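**Student:** quick one, fold the following:
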Amino acid sequence: MTTEERLYKLEGIVEGVMATLPERITSLENRMDLLRQELKGDIAGLRQEFKGEMASLRQELKAEMGALEGRLGEQMASLRQELKGDMASLRQELKGDMASLRQELKGDINTALNRLMLYFSALAVILALLTLWR
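**Tutor:** Have a look, this model is predicted:
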């Protein structure tokens, strides 16, 4: 085969490729458009799915927060009751201690007054004796 024949053959091949190239490009563009549309649909579906998941997670989070608030409220109420009981118990103990201290103080004051009376009585006896001896 000569060079001219080869050139004619190549020319034919190039002309064949050139003739089918616009169809192929159009077909490729159509497939790319289809893929774009498919991708847009998939993205829109994923967005919707994501929104649904987020809404579901928000609801779960709200429910969990509500449950935690409820438990916290119960525990706080329980602690308040315990504290009230402890405070009442401490008040009773303090009242008992104060009553005991009052009684003890009364006893000490009575003892001191009795001694003072004895000292005054002794002083009166001494003064009476001194008056008689004079």
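**Student:** what's the neighbour count on the nearest residue to residue 1 once chain neighbours are set aside?
**Tutor:** Spatial nearest neighbour of residue 1, chain neighbours left out: residue 9 (7.8 Å); criterion: Cβ to Cβ, 6 or more residues apart in numbering. C-beta coordinates here come from the backbone N, C-alpha and C atoms, glycine included. Using other Cβ atoms under 10 Å, the number of residues around residue 9 comes to 11.
**Student:** distance of residue 9 relative to residue 24?
**Tutor:** 21 Å (Cβ to Cβ, to the nearest Å).
**Student:** kindly report the same for residue 60.
**Tutor:** Taking Cβ to Cβ as the measure, residue 60 falls 52 Å from residue 24.
**Student:** what of residue 130?
**Tutor:** Per Cβ to Cβ, residue 130 is found 149 Å from residue 24.
**Student:** what about residue 50, neighbour count?
**Tutor:** 10.
**Student:** helix or strand for it, which one?
**Tutor:** helix 3-133 (DSSP states H and E).
**Student:** so which elements touch that helix?
**Tutor:** Of the remaining helices and strands, none touches helix 3-133 by 3 or more Cβ pairs under 8 Å, 6 or more residues apart in numbering; DSSP states H and E.
**Student:** give me the neighbour count for residue 40.
**Tutor:** Neighbour tally, residue 40, other Cβ under 10 Å: 10.
**Student:** distance of it from residue 50?
**Tutor:** Remark: distance between residue 40 and residue 50 (Cβ to Cβ) = 15 Å.
**Student:** so for residue 89, what's the pLDDT?
**Tutor:** According to the prediction, residue 89 has pLDDT 93.
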